[in-house]
Every structure is written in structure tokens, then in C-alpha cells.
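1. model this:
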Amino acid sequence: MDLELNKNEDHNRLELSKLKKLKTKIALGGGKKSAQKQKDKGKLLARERINYLKDEEADFFEIGSFAANEMYKEYGEAPAAGVVGGITKVSGKWCVVVANDPTVKAGAWFPMTGKKNLRFQEIAMENRIPIIYLVDSAGVFLPMQNEIFADKEHFGRIFRNNAKMSSMGITQIAAVMGSCVAGGAYLPIMSDDAIIVEKTGSIFLAGSYLVKAAIGEDIDNENLGGSKTQTDVSGVIDDRFPSEEKALDRIKYLMGQTNMEPKTTFERHTPIEPKLELSEIYRYLPIDRTKTYETKKLIEVLVDDSRFEEYKANYGKTIICAWARIEGYNVGIVANNRQLVKSAKGEMQVGGVIYSDSADKAARFIMNCNQKKIPLVFLHDVTGFMVGSRSEQGGIIKDGAKMVNAVSNSTVPKFSVIIGNSYGAGNYAMCGKAFDPRFIVAWPSAKIAVMGGEQAAKTLLQIEKSRLNKQGKQIDEKEEKNLLNNIISKYDAQTTPIYAASQLWVDEIIDPIQTRKWLYMGIELASFSNIESFNVGILQT
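-> Alright, predicted model coming up:
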């Protein structure tokens with residue numbers, strides 16, 4: 001057993017190491033040459049700006065670092081979608097910080113840049129926390145303008161959110177640290193405070209070349225929309241500063257003036273470290289994602305004092321529902337149990353599959369947590385709902401709908417951690433991205449898809465064979481095997497955590513030992529928002 005656990009640990013650490021190497025590469029942005037050009041102008045890089053701004057002892061929880069990974073190859077890639085951002089503390093206050101990366105196509109906006117920025121604003125709006133924009137962008141990436149300009153979730157939604165956040169009383173601070181062009185110029189001006197860096201910062205609806213083409217006026221960019229023009233002449237910007245550091249110091253001052261009081265009190269006790277080392281996580285996650293393992297051991301690694309109390313422990317055993325504490329906060333845990341279990345009727349149930357009894361139990365537990373205002377943590381390792389005649393006749397759809405309904409109408413903060421598989425309707429029932437978790441993160445062992453690669457491939461193979469048969473064609477055993485392997489390879493490539501993170505289906509891929517920190521941060525942020533009363537809607541009990 002120890003040998004198998006050691007193999008698990010070696011494999012999981014290797015997968016984590018690969019992700020860290022990719023993340024380091026992504027952090028280089030547009031590359032060393034492009035970075036040096038910024039340095040030669042006296043500018044800090046995007047991550048340097050954030051590091052200078054945040055409190056020295058504060059963690060930076062980066063969001064979307066893998067966004068757009070390998071997505072725009074024909075245009076030369078857009079690491080992190082050309083924008084760096086996340087959650088941290090500035091002057092002791094939680095906030096969202098967003099920094100354009102001018103080393104990536106001069107900070108131009110790709111479709112995923114827009115999606116990522118909207119996610120940052122969503123976090124600020126949902127948690128009622130300040131958002132800081134460090135602006136340095138050439139505007140929309142014109143070759144892809146049709147994918148970012150006019151739709152509901154495109155570029156314009158950002159300015160709509162600026163206005164909505166203002167009406168909600170959410171502080172917005174913007175620093176123009178480079179180019180700020182065209183429609184993008186509205187973002188800092190729709191913020192509560194707008195400052196600019198002298199010489200390098202500029203803001204205008206149209207640059208000098210476009211002004212010349214449009215109305216024939218000859219003027220340089222500095223006189224058109226430089227720091228002096230936009231502070232002393234137009235009054236568009238509040239103040240200008242001689243360096244980026246001075247501008248960032250001003251933001252620290254402004255954040256220090258911001259009053260932030262929690263609106264919801266989540267009971268917190270003295271945090272107790274788990275009895276098990278966090279690194280034990282690597283040992284319990286099997287290399288083969290179809291293998292069973294002790295899910296309860298993983299929970300013990302994550303919760304305070306490694307203690308939790310199960311809800312209906314002997315009923316609906318393929319889902320574990322439990323009360324515990326994480327960093328002192330009370331939480332309700334909903335976790336897919338990956339062990340083979342025996343039901344009360346004596347039937348063997350497959351681990352990681354949601355049966356009628358487990359769906360019914362989870363729905364009731366979620367309702368219970370809402371009644372008590374206890375945040376929910378979902379730990380995904382689910383292959384879906386049970387299928388077959390017995391399940392259908394037993395009402396699996398009805399019981400699954402109960403669980404989905406409870407998740408949908410849940411008003412307490414919800415957090416999803418994808419530790420293994422997250423397939424099909426199981427992803428929905430376990431509070432996947434479509435069900436608005438406050439944060440959703442993945443471990444390197446995660447897989448997200450409508451079903452597993454092998455099952456999907458066999459289904460697709462049958463469809464392909466049927467199509468060929470209708471055309472009077474037959475394929476031999478070798479061709480069938482090659483076709484199956486090609487389908488599996490393509491399908492599996494789209495189920496990896498990197499692929500999910502590149503699409504922003506998850507906020508971030510994290511080191512499993514950082515899970516407690518992420519959940520603590522999420523609950524802390526949620527305390528600044530109001531929690532509405534729980535209404536179960538059409539949920540049948």
C-alpha cells in the first residue's frame with residue numbers, strides 16, 4: 001500500500017511541477033525583448049506593478065493565469081490573455097487588482113481578455129469589494145474585433161459594469177500607466193478615482209493618426225491626451241504623478257481612505273491546522289482517475305483538526321455531506337465519495353456516481369446549510385448520475401433535479417474545488433461554473449467534460465460506424481482501433497485542467513495544498529456582501 005501511495009505522490013508532484021513550469025513561461029508575457037522595451041521607458045511590468053501595490057505580507061490569488069493558453073497561435077499567442085489580475089490586500093483592504101500587460105500585443109484586448117476582465121468585475125460586484133485598474137492598453141485587437149465588440153458579454157459590458165458598480169457603491173480606482181485608447185478610455189473615467197503617470201500615460205478617444213485622418217488636425221499624442229492635457233486642461237483625470245511608484249503610492253492612500261465593513265457575519269472560531277500534513281493530498285489521489293480512493297482522507301487533510309461530522313452517513317453513501325471548519329469558519333462540505341459502497345438495500349454502488357439516494361441527501365443538506373447561513377464547499381470527483389432501467393424507474397431524473405434546484409437557489413457562498421473528474425450533469429449538480437460558485441478552482445488532477453474520454457470515444461465511434469454503414473462502407477478492426485484512439489486523444493486533450501483554465505471554466509489551477517487558503521479568502525470576501533433569504537423554488541421534498 002505504501003508503495004502505491006508513494007507512486008501517487010511522485011506522479012501528482014510531477015504533474016504539479018509541469019503546471020508550475022507552464023505558469024512561469026506564461027508569466028513572461030510577450031517575452032524578454034518586449035519586457036525590456038517597457039523597462040527602457042521607465043515602466044514596471046504588470047506583475048511588478050501588482051507586487052509593488054499589494055501589502056507586503058499579503059498573498060496574491062491570481063485569477064485566469066492560464067486564460068487563452070494556445071488559443072491565438074495564428075496571431076502569435078496571448079499569454080494570460082494579455083491581462084494579469086486577482087485578489088489581494090492593499091492598505092489592509094481586500095480588493096481585485098487588474099493590470100493590462102503591454103508586453104502582449106501592446107496590451108490589446110482579445111476575446112478572452114474581455115471575458116477575463118468581466119470575471120474580475122463579477123468578483124468585485126458579487127463580493128462588494130473595491131477594484132483597481134492599472135491601465136496600459138492599445139485597445140481592441142482589430143483582427144478579431146468581430147469577436148469582442150458588439151455582443152452582451154463583449155468589451156462594452158465592462159463599461160456597463162463600471163456604471164452598475166458605481167450605483168452599488170463599489171469603489172473603483174484607475175491608474176493610466178500607458179496607452180488608454182478609444183472605447184477603453186471610458187473605463188478610468190467611469191471609475192471613482194482616476195490618476196495618470198506623466199510622460200508614459202495618455203488617454204484619448206482617437207490617437208493623433210486617426211485625428212489626422214478624420215478631421216485633418218495635426219497634433220501629437222502628448223498634447224492631444226497626455227498627462228498635463230488631461231489633468232490641467234480637460235480635468236478628465238484627477239491627478240498626475242512623475243513615476244509609476246508615486247502613482248501606485250497614491251492608490252495605496254486612496255485604499256486606506258476606503259471604508260469597508262462586513263455586511264454578513266460568518267461565525268469564526270480559532271483556526272486549527274489539520275492533524276494530517278497538507279502534502280498527504282498527493283498520496284491519496286490515485287494516478288488512474290478510474291480507481292477508488294479514500295475521499296474521507298482528503299477531507300481530513302483539508303479541514304481544521306482533521307475533524308468533520310457527517311450528515312446521514314449511512315444513507316446516500318456515494319456523496320459525503322459533512323459539517324466541518326476551514327481556517328476557523330464553519331462550512332458544509334459536499335464531496336463525491338470515490339469508494340465502492342453498499343446501499344441500505346444491499347446493492348453495490350459505484351464510487352463517484354450520483355444515485356437517487358445520494359442526490360436526495362445532498363439536496364436536503366444544501367437546504368440545511370442555507371437555513372443556517374453556512375458556506376458550502378463542493379469537492380468534485382464525479383462521473384455523473386447513475387443510468388439504466390433501475391435508476392430511471394427509480395426516478396433518478398427527479399432526484400437529480402432536486403439537487404440541481406437546491407444548488408441553483410442556494411444563497412450562501414458556494415465554492416467548488418475540482419479534485420478529479422467533473423463530468424456531465426454531475427458537474428452541474430456539484431455547482432459547476434454555470435451555477436455561480438463564488439470561486440471555482442481545479443487541482444492538476446482535474447478533468448472536465450460531458451463524459452469520460454473512453455466513454456465518449458466509444459459513443460462517437462458507434463455514430464461514425466453507423467454513418468459509414470449507411471454509405472455502404474465497412475471498417476476493419478485495425479481502422480476501428482485507429483479511429484477510436486484518435487477520438488480518445490482529441491477528446492482527452494479537451495478535458496485537461498489546462499484546457500478548462502484556458503477557457504476560464506475554472507478561475508485557476510492551484511496547488512492542492514493551497515486549497516485551505518483559497519477557501520478562507522473566499523469566505524472572507526463573501527462577508528462584505530449581503531446574503532439573501534433562501535427560497536427552494538420548485539424543489540420537491
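
2. who touches the closest residue to residue 501 other than its chain neighbours in this structure?
-> Excluding the flanking residues, the one nearest residue 501 by CB to CB, 6 or more residues apart in numbering is residue 66, at 3.7 Å. C-beta coordinates here come from the backbone N, C-alpha and C atoms, glycine included. Residues counted as contacts of residue 66 (CB atoms under 8 Å, 6 or more residues apart in numbering) are 22, 23, 26, 80, 498, 501, 502, 508, 509.

3. switch to 6 Å and redo it
-> Neighbour list for residue 66: 498, 501, 502 [criterion: CB atoms under 6 Å, 6 or more residues apart in numbering].

4. of all those, which comes closest to residue 169?
-> The nearest member of these to residue 169, counting by CB to CB, is residue 501 at 32.1 Å.

5. and whichever helix or strand residue 249 is part of, what's buried?
-> Assigned by DSSP states H and E, residue 249 falls within helix 244-257. By 16 or more other CB atoms under 10 Å, the buried positions in helix 244-257 come out as 244, 247, 248, 250, 251, 254, 255.

6. show me what contacts the second one?
-> So that's residue 247. Counting by CB under 6 Å, 6+ apart, residue 247 touches 175, 195, 197, 241.

7. for the host helix or strand of residue 209, list the C-alpha coordinates in PDB.
-> Take DSSP H and E as the rule and residue 209 turns out to sit in helix 208-215. Provided in PDB are the C-alpha atoms of helix 208-215 (Å, rounded to 0.1, in the frame of the first residue of the first chain):
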ATOM      1  CA  SER A 208      -3.100  61.500 -33.400                       C
ATOM      2  CA  TYR A 209      -3.000  59.400 -36.600                       C
ATOM      3  CA  LEU A 210      -6.800  58.900 -36.500                       C
ATOM      4  CA  VAL A 211      -7.400  62.500 -35.700                       C
ATOM      5  CA  LYS A 212      -5.400  63.500 -38.800                       C
ATOM      6  CA  ALA A 213      -7.300  61.000 -40.900                       C
ATOM      7  CA  ALA A 214     -10.700  62.000 -39.500                       C
ATOM      8  CA  ILE A 215     -10.600  65.800 -39.300                       C
END
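
8. after that helix, heading C-terminal, what element do we hit next?
-> Helix 208-215 is succeeded, C-terminally, by helix 221-225 (DSSP H and E).

9. what's that following helix packed up against?
-> strand 202-204 (3 or more CB pairs under 6 Å, 6 or more residues apart in numbering; DSSP states H and E).

10. surely residue 185 touches residue 203?
-> Yes: under the criterion of CB atoms under 6 Å, residue 185 makes contact with residue 203 at 5.1 Å.

11. more neighbours: which of these two?
-> Neighbour count, other CB atoms under 10 Å: between residue 185 and residue 203, residue 203 has more, with 28 against 22.

12. ok but residue 391 is inside a strand, no?
-> No: going by DSSP: H, G, I helix; E, B strand; the rest coil, the assignment for residue 391 is helix, not a strand.

13. quick one, grab the pLDDT at it.
-> For residue 391, the pLDDT comes out at 77.

14. distance of it from residue 59?
-> Taking CB to CB, to the nearest Å as the measure, residue 391 falls 44 Å from residue 59.

15. same check, this time on residue 523
-> 15 Å.

16. equivalent analysis for residue 419, please.
-> Residue 419 is 21 Å from residue 59, where distance means CB to CB.

17. what do you get for residue 230?
-> With CB to CB as the criterion, residue 230 and residue 59 are 35 Å apart.

18. more neighbours: which of these two?
-> More crowded of residue 230 and residue 59, by other CB under 10 Å: residue 230, with 26 against 16.

19. which residues touch that one?
-> Taking CB under 6 Å, 6+ apart as the criterion, residue 230 is in contact with 203, 236, 237.

20. from those residues, which is closest to residue 298?
-> residue 203 (49.7 Å).

21. now that closest one. Nearest residue, chain neighbours left out?
-> Closest to residue 203 by CB to CB, 6+ apart is residue 180, at 4.0 Å.

22. helix, strand, or coil at the one you found?
-> Recorded secondary structure, residue 180: strand (three-state DSSP).

23. ok, it to residue 418 distance?
-> Using CB to CB, residue 180 is found at 37 Å from residue 418.

24. and the two? which has more neighbours close in?
-> Using other CB under 10 Å as the criterion, residue 180 and residue 418 rank with residue 180 on top: 31 against 28.

25. the more buried one touches residue 133, doesn't it?
-> No: look at residue 180 against residue 133 with CB under 6 Å: they stay out of range, at 9.7 Å.

26. any idea of the mean pLDDT in stretch 89-100?
-> Mean pLDDT, computed over stretch 89-100, is 98.

27. just the buried residues of it, please?
-> For stretch 89-100, the neighbour count (16+ other CB under 10 Å) marks 89, 90, 91, 93, 94, 95, 96, 97, 98, 99, 100 as buried.

28. distance from stretch 153-169 to the middle of the chain?
-> Centre-to-centre, stretch 153-169 and its host chain are 20 Å apart (CA atoms, centre = their mean, to the nearest Å).

29. average pLDDT across that stretch?
-> 93.

30. chain center to the helix holding residue 209: distance?
-> Centroid displacement of helix 208-215 relative to its chain, using CA atoms, centre = their mean, is 40 Å.

31. tell me what the worst-scoring helix or strand of the chain on mean pLDDT is packed against?
-> Ranked by mean pLDDT, DSSP states H and E, the weakest helix or strand in the chain is helix 453-470, scoring a mean of 73. Helices and strands touching helix 453-470, as assessed by 3+ CB pairs under 6 Å, 6+ apart, comprise helix 477-493.

32. who's in contact with the helix or strand just after the helix it packs on?
-> Using DSSP H and E, the helix or strand that follows helix 477-493 in sequence is helix 497-502. Helix 497-502 is contacted from outside by 66, 69, 442, 446, 448, 506, 509, using CB under 6 Å, 6+ apart.

33. can you read off the pLDDT for the first one?
-> Meaning residue 66. Per-residue confidence (pLDDT) for residue 66: 98.

34. that one sits in which helix or strand?
-> Per DSSP H and E, there is no helix or strand for residue 66.

35. how close does it get to residue 449?
-> Applying CB to CB, the value for residue 66 to residue 449 is 17 Å.

36. the second one now?
-> As for residue 69, its distance to residue 449 is 17 Å (criterion: CB to CB).

37. same question for the third one.
-> As defined by CB to CB, residue 442 lies at a distance of 13 Å from residue 449.

38. now the helices for the stretch 201-350 of the chain?
-> Counting by DSSP state H, counting those that start in this stretch, the segments of the stretch 201-350 of the chain that form helices are 208-215, 221-225, 227-228, 244-257, 280-284, 295-302.

39. what's the third one in contact with?
-> Residues outside helix 227-228 that contact it (CB under 6 Å, 6+ apart) are 196, 198, 201, 240.
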